[in-house]
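[1] Task: produce atomic coordinates for the following.
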Amino acid sequence: MTRVPELRGRRLKLRELRPSDHEPFTRILTHRLLTRYLGIDRMEESEAHDAFARSLHQPHAHPRHRYTLAVCCLDDDTLTGTMGLLVEDYGRNAMLTSLVLLPGAPTSGHGHEAGRLLMAYGFGHLGLHRIWAGHRSDHHRMADVMHAAGLRREATLRQLFRTQGCWHDVTTYAALAPEWKRQATEAELAILDGGSRPRTS
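    As a prediction, this is how the structure comes out:
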């Protein structure tokens with residue numbers, strides 16, 4: 001089993017999903033507005049239930065390629081959002097995914113910190129060299145989130161996915177481990193320094 005330790009930042013923390021997260025996790029994936037900019041269409045209840053079951057099973061996969069974590073307040077374990085990492089099969093690369101924060105939650109507006117904590121884990125424990133992310137090109141607020149996470153804009157991928165009956169362009173960003181580590185915060189450095197040997201598979 002490959003479990004991620006609790007990752008703590010200044011305003012929020014990331015942890016592995018638990019069975020008790022089912023209700024808020026399902027609420028995210030079945031919500032018309034919360035799924036508006038994701039690369040998937042809004043799910044039915046049964047589909048969201050199956051997605052949650054798959055996400056709960058991720059720590060049991062070997063090697064583990066998917067990390068879907070709960071975003072929580074520092075002093076509360078209630079799931080207020082999700083943040084994910086998808087480790088690619090080649091090189092030492094991964095993609096940030098699944099950033100959604102529930103409206104009105106204390107963590108709302110701090111999505112960049114969730115991304116940075118997971119990037120610190122990826123560059124540290126997982127030994128990744130490159131982490132990238134993307135957002136629908138019409139989701140203009142995400143550019144600031146990407147920059148705050150330490151990601152640099154790279155390209156526009158035309159009509160990458162189709163949701164809500166339309167094809168969508170995606171703007172991509174990336175960070176390289178040596179560059180990103182130089183601007184890491186104290187909390188992120190602690191996660192980086194706790195890393196083990198680089199991933200080889």
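[2] can you give me the strands for this protein?
    Using DSSP state E, the strands assigned to the chain run over residues 7-8, 12-16, 66-73, 81-87, 93-101, 130-136, 152-163, 166-176.
[3] wait, which of those is closest to Glu186?
    Checking the strands of the chain against Glu186 by Cβ to Cβ gives strand 7-8 as the closest, at 11.3 Å. From N, CA and C alone the C-beta is placed, and that goes for glycine too.
[4] Can you add distance to Ala48 and mean pLDDT and give the strands of the chain back as TSV?
    Formatted as TSV, those follow (distance: least, Cβ to Cβ, whole Å; pLDDT from 0 to 100):
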stretch	distance to Ala48	mean pLDDT
strand 7-8	25	96
strand 12-16	19	97
strand 66-73	13	97
strand 81-87	12	97
strand 93-101	12	94
strand 130-136	21	96
strand 152-163	15	94
strand 166-176	21	96
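[5] Compare the ones you listed and report which one is nearest to Met146.
    Here strand 166-176 is closest among the strands of the chain (Cβ to Cβ), at 4.4 Å.
[6] who does the closest one touch, helix- and strand-wise?
    Strand 166-176 makes packing contacts with strand 130-136, helix 142-148, strand 152-163 when contacts are defined by 3 or more Cβ pairs under 8 Å, 6 or more residues apart in numbering; DSSP states H and E.
[7] So which bits of the second one are buried?
    By neighbour count, with 16 or more other Cβ atoms under 10 Å as the criterion, the buried positions of helix 142-148 are 142, 145-146.
[8] Which residues are in contact with the residue of the chain most remote from its centre?
    In the chain, counting by Cα atoms, centre = their mean, Gly165 sits farthest out from the average C-alpha position, at 25.1 Å. The contact partners of Gly165, taken as Cβ atoms under 8 Å, 6 or more residues apart in numbering, number zero.
[9] what's it sitting at in phi/psi?
    Backbone torsions for Gly165, taken as degrees, to the nearest 10, come to phi 80, psi 10.
[10] do you know how far it is from Gly134?
    As judged by Cβ to Cβ, to the nearest Å, Gly165 and Gly134 stand 20 Å apart.
[11] can you check Ala94 too?
    Ala94 is 13 Å from Gly134, by Cβ to Cβ.
[12] Check Arg162 too.
    Taking Cβ to Cβ, one finds Arg162 at 15 Å from Gly134.
[13] more neighbours, these two?
    Taking other Cβ atoms under 10 Å, Arg162 and Gly134 do not tie; Gly134 has more neighbours (25 against 11).
[14] Spell out which residues sit in contact with that one, please.
    So Gly134 contacts 95, 157, 160, 170-173 (Cβ under 8 Å, 6+ apart).
[15] dump the residue contacts of the nearest residue to Leu192 once chain neighbours are set aside.
    For Leu192, ignoring the flanking residues on the chain, the nearest one in space by Cβ to Cβ, 6 or more residues apart in numbering is Gly124 at 3.9 Å. By Cβ under 8 Å, 6+ apart, Gly124 lies in contact with 191-195.
[16] Tell me, what's the model's pLDDT at Gly124?
    The model reports Gly124 with a pLDDT of 96.
[17] For it, give its distance to Leu96.
    15 Å.
[18] I figured Gly9 was touching Leu189, is that so?
    No: in terms of Cβ atoms under 8 Å, Gly9 does not count as a neighbour of Leu189; the distance is 11.8 Å.
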